[in-house]
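Student: This is a predicted model, with the sequence first.
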Amino acid sequence: MSSLKTLLQEIQIPHHSIEWLSLRQVSETTTLRAVRDEKPESNSVDRSSGIMVEVLANGQIGYAALPLGKKIDRANLQKAVERALLHAETAGKNGVFSFKKEHRETWQKNSQGTYRSPVIHPTSSKSPSELNDLLVKISRKLNVSTKIVRTIAMLQTVETDVHYVSTTGAEWTQNFTFTSTHYQATAQEGSVVQQRSDLGHFARSFQAGLESFETPDLWNRVTQIGEQAVELLSAEECPTETASLILMPTQMILQIHESIGHPLELDRIIGDERNYAGWSFVKKEDFGKLQYGSSLMNVSFDPTIPGEFATYQFDDTGARAERALLIENGILKRGLGGKESQLRSGVPGVANARACSWNRPPIDRMANLNLEPGSSSLEEMIKSVERGVLMDSNRSWSIDDFRNKFQFGCEYGKLIEKGRITKTVRNPNYRGVTVPFWRNLAAVGNQESFTVLGVPTCGKGEPNQLIRVGHASPPCLFHQIEIFGGGQ
(Lines give C-alpha, C1' and ligand atoms only; values in the text may rest on other atoms or scores of the structure.)
Protein backbone atom coordinates (compact mmCIF):
# COMPACT_ATOMS: atom_id res chain seq x y z
CA MET A 1 0.00 0.00 0.00
CA SER A 2 2.80 2.45 0.85
CA SER A 3 4.50 1.91 -2.55
CA LEU A 4 1.26 2.77 -4.36
CA LYS A 5 0.92 5.91 -2.25
CA THR A 6 4.48 6.86 -3.15
CA LEU A 7 3.63 6.43 -6.84
CA LEU A 8 0.63 8.70 -6.43
CA GLN A 9 2.81 11.39 -4.87
CA GLU A 10 5.40 11.12 -7.67
CA ILE A 11 2.91 11.56 -10.54
CA GLN A 12 3.47 14.80 -12.40
CA ILE A 13 0.14 16.55 -12.89
CA PRO A 14 0.21 17.77 -16.52
CA HIS A 15 -1.55 21.01 -15.56
CA HIS A 16 -3.89 22.34 -12.93
CA SER A 17 -7.07 20.97 -14.53
CA ILE A 18 -6.80 17.68 -12.59
CA GLU A 19 -8.80 18.25 -9.41
CA TRP A 20 -8.62 14.72 -8.05
CA LEU A 21 -6.77 11.48 -8.89
CA SER A 22 -6.85 7.88 -7.67
CA LEU A 23 -4.97 4.64 -8.31
CA ARG A 24 -6.62 1.24 -7.87
CA GLN A 25 -4.18 -1.66 -8.13
CA VAL A 26 -5.69 -5.13 -8.56
CA SER A 27 -3.92 -8.51 -8.65
CA GLU A 28 -6.01 -11.63 -9.17
CA THR A 29 -5.30 -15.36 -9.55
CA THR A 30 -8.11 -17.66 -10.73
CA THR A 31 -7.85 -21.45 -10.66
CA LEU A 32 -10.47 -23.65 -12.31
CA ARG A 33 -10.52 -27.43 -11.93
CA ALA A 34 -13.16 -29.50 -13.72
CA VAL A 35 -13.86 -33.22 -13.95
CA ARG A 36 -16.37 -34.76 -16.36
CA ASP A 37 -17.37 -38.42 -16.07
CA GLU A 38 -14.52 -39.09 -13.61
CA LYS A 39 -11.91 -37.69 -16.02
CA PRO A 40 -10.05 -34.41 -15.41
CA GLU A 41 -11.10 -31.95 -18.09
CA SER A 42 -9.57 -28.64 -17.00
CA ASN A 43 -6.79 -27.45 -14.72
CA SER A 44 -6.24 -23.81 -15.55
CA VAL A 45 -4.62 -20.90 -13.75
CA ASP A 46 -5.12 -17.32 -14.88
CA ARG A 47 -3.24 -14.37 -13.41
CA SER A 48 -4.01 -10.72 -13.99
CA SER A 49 -2.54 -7.55 -12.51
CA GLY A 50 -2.79 -3.86 -13.28
CA ILE A 51 -3.69 -0.35 -12.20
CA MET A 52 -6.77 1.72 -12.98
CA VAL A 53 -6.14 5.46 -13.06
CA GLU A 54 -9.13 7.71 -12.40
CA VAL A 55 -9.03 11.50 -12.67
CA LEU A 56 -11.53 14.31 -12.18
CA ALA A 57 -11.08 17.23 -14.55
CA ASN A 58 -13.41 19.80 -16.06
CA GLY A 59 -16.30 18.29 -14.07
CA GLN A 60 -15.87 14.87 -15.69
CA ILE A 61 -14.18 11.60 -14.76
CA GLY A 62 -11.62 10.00 -17.03
CA TYR A 63 -10.10 6.52 -16.85
CA ALA A 64 -7.02 4.75 -18.15
CA ALA A 65 -5.68 1.29 -17.32
CA LEU A 66 -2.11 0.01 -17.12
CA PRO A 67 -1.20 -3.72 -17.06
CA LEU A 68 1.57 -4.65 -14.67
CA GLY A 69 4.55 -6.88 -15.16
CA LYS A 70 7.05 -7.73 -12.44
CA LYS A 71 7.33 -4.09 -11.45
CA ILE A 72 5.45 -0.87 -12.10
CA ASP A 73 6.66 1.15 -15.10
CA ARG A 74 6.55 4.70 -13.77
CA ALA A 75 6.83 6.30 -17.21
CA ASN A 76 3.85 4.33 -18.56
CA LEU A 77 1.87 5.12 -15.41
CA GLN A 78 2.48 8.81 -16.11
CA LYS A 79 1.20 8.29 -19.67
CA ALA A 80 -1.90 6.55 -18.31
CA VAL A 81 -2.64 9.61 -16.17
CA GLU A 82 -2.35 11.81 -19.24
CA ARG A 83 -4.71 9.53 -21.21
CA ALA A 84 -7.26 9.63 -18.39
CA LEU A 85 -7.01 13.43 -18.36
CA LEU A 86 -7.58 13.57 -22.11
CA HIS A 87 -10.70 11.39 -21.76
CA ALA A 88 -12.07 13.62 -18.99
CA GLU A 89 -11.43 16.80 -20.97
CA THR A 90 -13.06 15.31 -24.07
CA ALA A 91 -16.10 14.20 -22.07
CA GLY A 92 -16.38 17.70 -20.64
CA LYS A 93 -17.41 19.03 -24.05
CA ASN A 94 -20.66 17.07 -23.84
CA GLY A 95 -21.02 16.41 -20.12
CA VAL A 96 -24.51 15.78 -18.77
CA PHE A 97 -23.50 16.33 -15.13
CA SER A 98 -20.62 18.22 -13.54
CA PHE A 99 -18.85 16.44 -10.68
CA LYS A 100 -16.85 18.36 -8.10
CA LYS A 101 -13.82 17.57 -5.99
CA GLU A 102 -15.96 18.17 -2.90
CA HIS A 103 -18.10 15.16 -3.82
CA ARG A 104 -15.10 12.83 -3.59
CA GLU A 105 -13.79 14.49 -0.45
CA THR A 106 -17.15 13.94 1.24
CA TRP A 107 -17.54 10.24 0.59
CA GLN A 108 -13.84 9.38 0.95
CA LYS A 109 -13.54 11.14 4.32
CA ASN A 110 -13.44 7.80 6.20
CA SER A 111 -11.96 5.72 3.40
CA GLN A 112 -9.04 4.15 5.26
CA GLY A 113 -8.68 0.57 6.45
CA THR A 114 -8.14 -3.09 5.63
CA TYR A 115 -10.54 -5.91 4.83
CA ARG A 116 -9.81 -9.64 4.49
CA SER A 117 -12.13 -12.53 3.65
CA PRO A 118 -12.73 -15.00 6.50
CA VAL A 119 -10.72 -18.11 5.61
CA ILE A 120 -10.19 -21.23 7.71
CA HIS A 121 -8.44 -23.50 5.19
CA PRO A 122 -6.59 -21.54 2.48
CA THR A 123 -6.39 -22.82 -1.08
CA SER A 124 -2.78 -23.82 -0.50
CA SER A 125 -3.78 -26.23 2.31
CA LYS A 126 -4.36 -28.96 -0.31
CA SER A 127 -2.17 -29.85 -3.26
CA PRO A 128 -3.51 -29.71 -6.84
CA SER A 129 -3.46 -33.51 -7.00
CA GLU A 130 -5.49 -33.78 -3.77
CA LEU A 131 -8.09 -31.37 -5.13
CA ASN A 132 -8.31 -33.22 -8.43
CA ASP A 133 -8.67 -36.55 -6.64
CA LEU A 134 -11.58 -35.16 -4.61
CA LEU A 135 -13.31 -33.93 -7.76
CA VAL A 136 -12.87 -37.33 -9.42
CA LYS A 137 -14.40 -39.01 -6.35
CA ILE A 138 -17.32 -36.58 -6.42
CA SER A 139 -17.90 -37.31 -10.10
CA ARG A 140 -17.85 -41.03 -9.33
CA LYS A 141 -20.23 -40.62 -6.38
CA LEU A 142 -22.72 -38.76 -8.59
CA ASN A 143 -22.96 -41.84 -10.81
CA VAL A 144 -25.58 -43.66 -8.72
CA SER A 145 -27.24 -45.55 -11.58
CA THR A 146 -26.74 -46.80 -15.12
CA LYS A 147 -29.29 -44.12 -16.04
CA ILE A 148 -26.75 -41.40 -15.21
CA VAL A 149 -25.22 -40.39 -18.55
CA ARG A 150 -23.00 -37.49 -17.45
CA THR A 151 -21.46 -36.17 -14.27
CA ILE A 152 -19.65 -32.87 -13.66
CA ALA A 153 -17.61 -31.71 -10.67
CA MET A 154 -15.99 -28.25 -10.67
CA LEU A 155 -14.03 -26.12 -8.22
CA GLN A 156 -13.04 -22.50 -8.82
CA THR A 157 -10.90 -20.49 -6.42
CA VAL A 158 -10.00 -16.82 -6.79
CA GLU A 159 -7.49 -14.78 -4.79
CA THR A 160 -7.84 -11.01 -5.25
CA ASP A 161 -5.78 -8.18 -3.74
CA VAL A 162 -6.93 -4.58 -4.17
CA HIS A 163 -4.95 -1.50 -3.09
CA TYR A 164 -6.45 1.97 -3.43
CA VAL A 165 -5.10 5.48 -2.87
CA SER A 166 -6.36 8.93 -3.83
CA THR A 167 -5.35 12.57 -3.57
CA THR A 168 -8.14 13.15 -1.02
CA GLY A 169 -6.34 10.86 1.44
CA ALA A 170 -8.17 7.58 0.83
CA GLU A 171 -5.92 4.57 1.39
CA TRP A 172 -7.13 0.99 1.84
CA THR A 173 -6.49 -2.63 0.99
CA GLN A 174 -8.95 -5.46 0.51
CA ASN A 175 -7.89 -9.12 0.22
CA PHE A 176 -10.57 -11.49 -1.08
CA THR A 177 -10.73 -15.28 -1.26
CA PHE A 178 -13.61 -16.70 -3.34
CA THR A 179 -14.48 -20.40 -3.55
CA SER A 180 -17.19 -21.78 -5.86
CA THR A 181 -18.25 -25.37 -6.54
CA HIS A 182 -20.63 -26.98 -9.01
CA TYR A 183 -21.72 -30.62 -9.11
CA GLN A 184 -24.23 -31.96 -11.63
CA ALA A 185 -25.69 -35.29 -12.70
CA THR A 186 -27.63 -35.82 -15.93
CA ALA A 187 -29.94 -38.85 -16.23
CA GLN A 188 -31.62 -40.26 -19.32
CA GLU A 189 -34.27 -42.89 -20.01
CA GLY A 190 -35.45 -43.06 -23.58
CA SER A 191 -36.29 -39.54 -24.74
CA VAL A 192 -36.54 -38.17 -21.19
CA VAL A 193 -33.47 -36.28 -19.99
CA GLN A 194 -33.25 -34.65 -16.55
CA GLN A 195 -30.47 -33.01 -14.57
CA ARG A 196 -29.92 -32.15 -10.94
CA SER A 197 -27.21 -29.97 -9.43
CA ASP A 198 -25.94 -28.82 -6.07
CA LEU A 199 -28.29 -25.86 -5.42
CA GLY A 200 -28.08 -24.68 -9.05
CA HIS A 201 -25.18 -23.67 -11.29
CA PHE A 202 -22.32 -22.45 -9.04
CA ALA A 203 -24.83 -21.19 -6.45
CA ARG A 204 -22.55 -22.60 -3.74
CA SER A 205 -20.22 -19.59 -3.97
CA PHE A 206 -18.75 -17.97 -0.87
CA GLN A 207 -15.97 -15.78 0.46
CA ALA A 208 -14.19 -18.64 2.16
CA GLY A 209 -11.39 -21.13 1.78
CA LEU A 210 -11.55 -24.85 1.09
CA GLU A 211 -13.75 -25.32 4.15
CA SER A 212 -16.69 -24.47 1.85
CA PHE A 213 -15.57 -27.24 -0.54
CA GLU A 214 -14.92 -30.23 1.70
CA THR A 215 -17.89 -29.88 4.06
CA PRO A 216 -19.24 -32.50 6.50
CA ASP A 217 -22.36 -33.02 4.36
CA LEU A 218 -20.51 -33.20 1.03
CA TRP A 219 -20.99 -36.89 0.26
CA ASN A 220 -24.66 -36.95 1.31
CA ARG A 221 -25.31 -33.95 -0.96
CA VAL A 222 -23.51 -35.54 -3.89
CA THR A 223 -25.41 -38.82 -3.55
CA GLN A 224 -28.72 -36.96 -3.35
CA ILE A 225 -27.95 -35.08 -6.57
CA GLY A 226 -27.54 -38.34 -8.47
CA GLU A 227 -30.58 -39.96 -6.88
CA GLN A 228 -32.85 -37.01 -7.61
CA ALA A 229 -31.72 -36.84 -11.24
CA VAL A 230 -32.84 -40.47 -11.63
CA GLU A 231 -36.05 -39.81 -9.66
CA LEU A 232 -37.06 -37.06 -12.09
CA LEU A 233 -37.07 -39.52 -15.03
CA SER A 234 -40.21 -41.24 -13.76
CA ALA A 235 -41.84 -38.15 -12.24
CA GLU A 236 -44.99 -36.61 -13.68
CA GLU A 237 -44.85 -33.34 -15.60
CA CYS A 238 -45.52 -30.26 -13.51
CA PRO A 239 -49.22 -29.35 -13.80
CA THR A 240 -50.32 -26.22 -15.67
CA GLU A 241 -52.57 -24.05 -13.51
CA THR A 242 -52.76 -20.94 -11.34
CA ALA A 243 -51.83 -22.05 -7.85
CA SER A 244 -49.62 -21.39 -4.84
CA LEU A 245 -45.86 -21.48 -5.26
CA ILE A 246 -43.14 -22.11 -2.70
CA LEU A 247 -39.67 -21.13 -3.88
CA MET A 248 -36.67 -22.56 -2.05
CA PRO A 249 -33.64 -20.28 -1.43
CA THR A 250 -31.88 -21.91 -4.40
CA GLN A 251 -34.49 -20.35 -6.72
CA MET A 252 -35.11 -17.24 -4.64
CA ILE A 253 -31.59 -16.06 -5.44
CA LEU A 254 -32.49 -15.89 -9.14
CA GLN A 255 -35.86 -14.25 -8.40
CA ILE A 256 -34.14 -11.61 -6.25
CA HIS A 257 -31.35 -11.10 -8.75
CA GLU A 258 -33.49 -10.54 -11.82
CA SER A 259 -36.67 -8.91 -10.51
CA ILE A 260 -35.20 -6.79 -7.69
CA GLY A 261 -31.47 -6.36 -8.22
CA HIS A 262 -31.27 -5.38 -11.88
CA PRO A 263 -34.36 -3.11 -11.99
CA LEU A 264 -33.12 -1.16 -8.95
CA GLU A 265 -29.70 -0.34 -10.47
CA LEU A 266 -29.68 3.43 -10.83
CA ASP A 267 -27.57 3.48 -13.99
CA ARG A 268 -30.33 1.48 -15.71
CA ILE A 269 -33.00 3.83 -14.41
CA ILE A 270 -31.18 6.95 -15.68
CA GLY A 271 -30.39 5.27 -19.02
CA ASP A 272 -26.71 4.28 -18.99
CA GLU A 273 -27.41 0.59 -19.67
CA ARG A 274 -30.32 1.08 -22.03
CA ASN A 275 -28.59 0.00 -25.24
CA TYR A 276 -26.91 -3.10 -23.82
CA ALA A 277 -28.23 -4.82 -20.70
CA GLY A 278 -31.60 -3.08 -20.66
CA TRP A 279 -33.60 -0.41 -18.90
CA SER A 280 -35.90 -0.72 -15.88
CA PHE A 281 -39.63 -0.40 -15.26
CA VAL A 282 -38.74 1.55 -12.09
CA LYS A 283 -38.80 5.36 -12.35
CA LYS A 284 -36.98 7.90 -10.19
CA GLU A 285 -40.25 9.14 -8.76
CA ASP A 286 -41.14 5.61 -7.54
CA PHE A 287 -38.66 5.76 -4.65
CA GLY A 288 -40.43 6.32 -1.37
CA LYS A 289 -43.82 5.59 -2.97
CA LEU A 290 -43.99 2.35 -4.97
CA GLN A 291 -45.60 -0.64 -3.23
CA TYR A 292 -43.11 -3.08 -4.75
CA GLY A 293 -44.41 -6.11 -2.84
CA SER A 294 -46.50 -7.21 0.11
CA SER A 295 -45.83 -5.87 3.60
CA LEU A 296 -43.78 -9.04 4.27
CA MET A 297 -41.13 -7.96 1.74
CA ASN A 298 -37.93 -6.50 3.24
CA VAL A 299 -34.86 -6.43 1.02
CA SER A 300 -31.41 -5.36 2.23
CA PHE A 301 -28.18 -4.35 0.59
CA ASP A 302 -25.73 -5.86 3.08
CA PRO A 303 -22.01 -6.03 2.21
CA THR A 304 -21.18 -6.82 5.84
CA ILE A 305 -22.18 -10.50 6.20
CA PRO A 306 -19.05 -12.64 6.81
CA GLY A 307 -18.64 -15.24 4.09
CA GLU A 308 -21.26 -13.92 1.68
CA PHE A 309 -19.89 -13.63 -1.83
CA ALA A 310 -19.90 -9.83 -2.21
CA THR A 311 -18.94 -8.71 1.27
CA TYR A 312 -16.49 -5.79 1.32
CA GLN A 313 -15.59 -2.68 3.31
CA PHE A 314 -15.22 -0.16 0.46
CA ASP A 315 -16.60 0.00 -3.04
CA ASP A 316 -14.24 0.78 -5.92
CA THR A 317 -14.73 4.55 -5.64
CA GLY A 318 -13.66 4.45 -1.98
CA ALA A 319 -17.14 4.79 -0.48
CA ARG A 320 -17.55 2.90 2.81
CA ALA A 321 -20.07 0.05 2.52
CA GLU A 322 -22.92 -0.14 5.05
CA ARG A 323 -26.10 -2.16 5.35
CA ALA A 324 -29.27 -0.46 4.09
CA LEU A 325 -32.87 -1.49 3.42
CA LEU A 326 -33.84 -1.01 -0.22
CA ILE A 327 -37.41 -2.20 0.26
CA GLU A 328 -39.08 -1.93 3.66
CA ASN A 329 -42.46 -3.52 4.37
CA GLY A 330 -42.97 -3.68 0.63
CA ILE A 331 -42.22 0.02 -0.06
CA LEU A 332 -39.34 0.92 -2.39
CA LYS A 333 -36.87 3.13 -0.47
CA ARG A 334 -33.41 3.10 -2.10
CA GLY A 335 -31.75 2.29 -5.38
CA LEU A 336 -28.67 0.23 -6.16
CA GLY A 337 -26.45 3.10 -7.20
CA GLY A 338 -23.08 4.43 -6.15
CA LYS A 339 -22.32 8.02 -5.19
CA GLU A 340 -22.04 9.31 -8.77
CA SER A 341 -25.40 7.84 -9.79
CA GLN A 342 -26.95 9.22 -6.61
CA LEU A 343 -25.72 12.71 -7.50
CA ARG A 344 -27.04 12.43 -11.05
CA SER A 345 -30.43 10.94 -10.17
CA GLY A 346 -31.22 12.55 -6.82
CA VAL A 347 -32.20 9.07 -5.56
CA PRO A 348 -30.66 7.63 -2.35
CA GLY A 349 -28.40 4.66 -3.02
CA VAL A 350 -25.60 2.58 -1.51
CA ALA A 351 -21.84 1.96 -1.85
CA ASN A 352 -21.98 -0.38 -4.84
CA ALA A 353 -19.85 1.19 -7.59
CA ARG A 354 -17.77 -1.88 -8.43
CA ALA A 355 -15.41 -3.04 -11.15
CA CYS A 356 -14.62 -6.62 -12.15
CA SER A 357 -10.91 -5.97 -12.72
CA TRP A 358 -8.14 -3.39 -12.94
CA ASN A 359 -9.02 -2.62 -16.58
CA ARG A 360 -12.66 -1.69 -15.95
CA PRO A 361 -14.19 1.45 -14.37
CA PRO A 362 -16.63 1.00 -11.47
CA ILE A 363 -20.32 0.96 -12.34
CA ASP A 364 -23.51 0.33 -10.35
CA ARG A 365 -23.63 -3.36 -9.41
CA MET A 366 -25.45 -5.61 -7.03
CA ALA A 367 -23.41 -6.82 -4.07
CA ASN A 368 -25.04 -8.80 -1.25
CA LEU A 369 -28.74 -8.37 -1.97
CA ASN A 370 -30.85 -10.31 0.53
CA LEU A 371 -34.50 -10.95 1.33
CA GLU A 372 -34.74 -10.57 5.09
CA PRO A 373 -36.20 -13.53 7.03
CA GLY A 374 -39.79 -13.56 8.28
CA SER A 375 -41.52 -15.70 10.87
CA SER A 376 -42.81 -18.80 9.05
CA SER A 377 -41.28 -22.27 8.98
CA LEU A 378 -41.22 -24.24 5.73
CA GLU A 379 -43.56 -26.79 7.31
CA GLU A 380 -46.08 -24.07 8.17
CA MET A 381 -45.99 -22.77 4.61
CA ILE A 382 -46.60 -26.23 3.15
CA LYS A 383 -49.49 -26.88 5.54
CA SER A 384 -51.15 -23.61 4.51
CA VAL A 385 -51.24 -24.53 0.80
CA GLU A 386 -54.39 -26.14 -0.57
CA ARG A 387 -52.77 -26.79 -3.95
CA GLY A 388 -49.41 -25.68 -5.28
CA VAL A 389 -45.86 -26.59 -6.22
CA LEU A 390 -42.57 -26.27 -4.35
CA MET A 391 -39.67 -25.49 -6.71
CA ASP A 392 -35.95 -25.90 -6.12
CA SER A 393 -32.77 -24.82 -8.02
CA ASN A 394 -32.86 -22.67 -11.13
CA ARG A 395 -32.63 -24.36 -14.53
CA SER A 396 -33.64 -21.60 -16.96
CA TRP A 397 -34.62 -17.95 -16.99
CA SER A 398 -36.02 -15.30 -19.29
CA ILE A 399 -36.92 -11.69 -18.47
CA ASP A 400 -37.61 -8.66 -20.64
CA ASP A 401 -35.35 -5.62 -21.05
CA PHE A 402 -37.33 -3.68 -18.44
CA ARG A 403 -36.86 -6.49 -15.86
CA ASN A 404 -40.63 -6.69 -15.63
CA LYS A 405 -42.16 -9.76 -17.33
CA PHE A 406 -40.34 -13.02 -16.55
CA GLN A 407 -40.46 -16.79 -16.96
CA PHE A 408 -38.27 -19.08 -14.84
CA GLY A 409 -37.74 -22.83 -14.75
CA CYS A 410 -36.44 -25.05 -11.95
CA GLU A 411 -34.75 -28.43 -11.78
CA TYR A 412 -36.94 -30.08 -9.18
CA GLY A 413 -40.52 -29.75 -8.01
CA LYS A 414 -42.85 -31.16 -5.37
CA LEU A 415 -46.64 -31.12 -5.74
CA ILE A 416 -48.49 -29.86 -2.63
CA GLU A 417 -52.09 -31.00 -2.09
CA LYS A 418 -54.20 -30.12 0.95
CA GLY A 419 -51.19 -29.11 3.02
CA ARG A 420 -49.03 -32.13 2.17
CA ILE A 421 -46.26 -32.88 -0.31
CA THR A 422 -47.62 -35.73 -2.43
CA LYS A 423 -45.27 -36.36 -5.33
CA THR A 424 -42.23 -35.19 -7.28
CA VAL A 425 -42.86 -33.30 -10.56
CA ARG A 426 -40.40 -32.57 -13.33
CA ASN A 427 -39.89 -29.49 -15.51
CA PRO A 428 -41.55 -27.05 -13.06
CA ASN A 429 -41.85 -23.49 -14.41
CA TYR A 430 -43.61 -20.30 -13.45
CA ARG A 431 -44.15 -16.86 -14.96
CA GLY A 432 -45.23 -13.45 -13.78
CA VAL A 433 -44.83 -9.67 -13.75
CA THR A 434 -42.48 -8.24 -11.13
CA VAL A 435 -44.68 -6.00 -8.96
CA PRO A 436 -47.86 -8.15 -9.01
CA PHE A 437 -45.69 -11.21 -8.29
CA TRP A 438 -44.07 -9.67 -5.21
CA ARG A 439 -47.40 -8.30 -4.00
CA ASN A 440 -48.56 -11.93 -3.90
CA LEU A 441 -45.85 -12.76 -1.35
CA ALA A 442 -47.84 -14.51 1.41
CA ALA A 443 -45.20 -15.94 3.77
CA VAL A 444 -41.46 -15.59 4.33
CA GLY A 445 -39.32 -18.26 5.98
CA ASN A 446 -37.72 -17.70 9.37
CA GLN A 447 -34.11 -17.14 10.38
CA GLU A 448 -33.45 -20.91 10.66
CA SER A 449 -34.18 -21.31 6.94
CA PHE A 450 -32.22 -18.20 5.83
CA THR A 451 -29.64 -19.48 3.31
CA VAL A 452 -26.61 -17.61 1.96
CA LEU A 453 -25.63 -18.35 -1.66
CA GLY A 454 -23.85 -16.62 -4.54
CA VAL A 455 -23.77 -15.74 -8.23
CA PRO A 456 -20.23 -15.65 -9.70
CA THR A 457 -20.97 -14.34 -13.22
CA CYS A 458 -23.42 -11.44 -13.29
CA GLY A 459 -22.82 -9.64 -16.59
CA LYS A 460 -23.30 -5.97 -17.33
CA GLY A 461 -21.62 -2.93 -18.85
CA GLU A 462 -19.77 -1.91 -22.00
CA PRO A 463 -17.11 -3.24 -22.13
CA ASN A 464 -18.68 -6.22 -20.39
CA GLN A 465 -17.97 -6.89 -16.73
CA LEU A 466 -18.67 -10.23 -14.99
CA ILE A 467 -18.92 -9.63 -11.27
CA ARG A 468 -19.60 -11.61 -8.09
CA VAL A 469 -22.90 -11.16 -6.29
CA GLY A 470 -24.20 -12.60 -3.03
CA HIS A 471 -27.85 -13.43 -2.35
CA ALA A 472 -29.48 -14.79 0.78
CA SER A 473 -33.09 -15.71 1.40
CA PRO A 474 -35.38 -18.09 3.24
CA PRO A 475 -38.07 -20.11 1.37
CA CYS A 476 -41.05 -17.97 0.33
CA LEU A 477 -44.72 -18.63 -0.41
CA PHE A 478 -46.57 -16.82 -3.20
CA HIS A 479 -50.28 -17.14 -4.06
CA GLN A 480 -52.05 -17.01 -7.43
CA ILE A 481 -49.00 -17.75 -9.59
CA GLU A 482 -49.11 -19.12 -13.14
CA ILE A 483 -47.35 -22.51 -13.00
CA PHE A 484 -46.70 -24.77 -15.97
CA GLY A 485 -44.80 -27.84 -17.13
CA GLY A 486 -42.13 -28.39 -19.76
CA GLY A 487 -44.56 -28.81 -22.62
CA GLN A 488 -46.03 -25.31 -22.33
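Tutor: Cool, the structure landed.

Student: Every contact and neighbour count from this point should use C-alpha atoms.
Tutor: Fine.

Student: how close does N58 get to R360?
Tutor: For N58, the distance to R360 (C-alpha to C-alpha, to the nearest Å) stands at 21 Å.

Student: ditto for V149
Tutor: Counting by C-alpha to C-alpha, the gap from V149 to R360 is 41 Å.

Student: more neighbours, those two?
Tutor: Neighbours were counted for V149 and for R360 using other C-alpha atoms under 10 Å; R360 has more, 19 against 15.

Student: Buried residues in the longest helix anywhere in the chain, which are they?
Tutor: Ranked by number of residues, the top helix in the chain under DSSP state H is helix 74-91. Across helix 74-91, burial judged by 16 or more other C-alpha atoms under 10 Å covers 77-78, 80-89, 91.

Student: Quick one: end-to-end distance for stretch 363-374.
Tutor: 32 Å.

Student: can you pull the buried residues of that stretch?
Tutor: Buried, per 16+ other C-alpha under 10 Å, within stretch 363-374: 363-374.

Student: what does stretch 94-103 rub up against?
Tutor: 19-20, 56, 58-61, 344 (C-alpha atoms under 8 Å, 6 or more residues apart in numbering).

Student: give me the beta-bridge partners of the closest residue in space to R116 that isn't next to it in sequence?
Tutor: Distance criterion C-alpha to C-alpha, 6 or more residues apart in numbering; nearest residue to R116, sequence neighbours excluded, is N175 at 4.7 Å. For N175, the beta-bridge partners under DSSP bridges are R116, D161.

Student: which residues are contacting the lowest-mean-pLDDT helix or strand in the chain?
Tutor: When the helices and strands of the chain are compared on mean pLDDT, DSSP states H and E, helix 2-10 comes out lowest with a mean of 86. With C-alpha under 8 Å, 6+ apart as the test, helix 2-10 has contacts from 22-23, 25, 74, 163-167, 171.

Student: Now, those that are in strands?
Tutor: Judged by DSSP state E, these include 22-23, 25, 163-166, 171 as members of strands.

Student: now, which of these sits nearest K70?
Tutor: Using C-alpha to C-alpha, Q25 comes nearest to K70 of those, at 13.5 Å.

Student: mind listing which of the contacts of stretch 94-103 are in strands?
Tutor: 19-20, 56, 60-61.

Student: What is the burial count for G330?
Tutor: Neighbour tally, G330, other C-alpha under 10 Å: 21.

Student: Kindly report the same for K283.
Tutor: With other C-alpha under 10 Å as criterion, K283 counts 14.

Student: How about the helix or strand hosting V149, which residues are buried there?
Tutor: Secondary structure assigned from DSSP states H and E places V149 in strand 148-166. Neighbour-count burial for strand 148-166, counted by 16+ other C-alpha under 10 Å, picks out 148, 150-166.

Student: State the phi and psi torsions of the residue nearest to S294 when sequence neighbours are not counted.
Tutor: Of all residues not flanking S294 in the chain, R439 sits nearest, at 4.3 Å (C-alpha to C-alpha, 6+ apart). For R439, the backbone dihedrals are phi -70, psi -20 (criterion: degrees, to the nearest 10).

Student: Now do the contacts for R439.
Tutor: 291-294, 330.

Student: So it versus N43, what's the distance?
Tutor: 46 Å.

Student: cool, and R334?
Tutor: On the measure of C-alpha to C-alpha, R334 and N43 end up 42 Å apart.

Student: Show me which of these two is the more surrounded one.
Tutor: Set R334 next to N43 and count neighbours by other C-alpha under 10 Å: R334 wins out with 24 against 14.

Student: gap between the nearest residue to the more buried one once chain neighbours are set aside and F437?
Tutor: Excluding the flanking residues, the one nearest R334 by C-alpha to C-alpha, 6+ apart is L326, at 4.5 Å. Plainly put, L326 is 18 Å away from F437 if you go by C-alpha to C-alpha.

Student: swap in V162?
Tutor: 40 Å.

Student: Pull out the buried members of the contacts of R439.
Tutor: Looks like the contacts of R439 have 291-294, 330 buried, using 16+ other C-alpha under 10 Å.

Student: can you redo these as CSV with distance to S393?
Tutor: Listed next are those as CSV, based on distance: C-alpha to C-alpha, whole Å:
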residue, distance to S393
Q291, 28
Y292, 24
G293, 23
S294, 24
G330, 25
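
Student: closest to P306 among those?
Tutor: Of the buried ones among the contacts of R439, the one sitting nearest to P306 (C-alpha to C-alpha) turns out to be G330, at 26.3 Å.

Student: where does the chain have low pLDDT?
Tutor: 1-2, 14-15, 487-488 (pLDDT under 70).

Student: per-domain residue ranges of it.
Tutor: 2-233, 236-484 (automatic domain parsing).

Student: Done for today, thanks.
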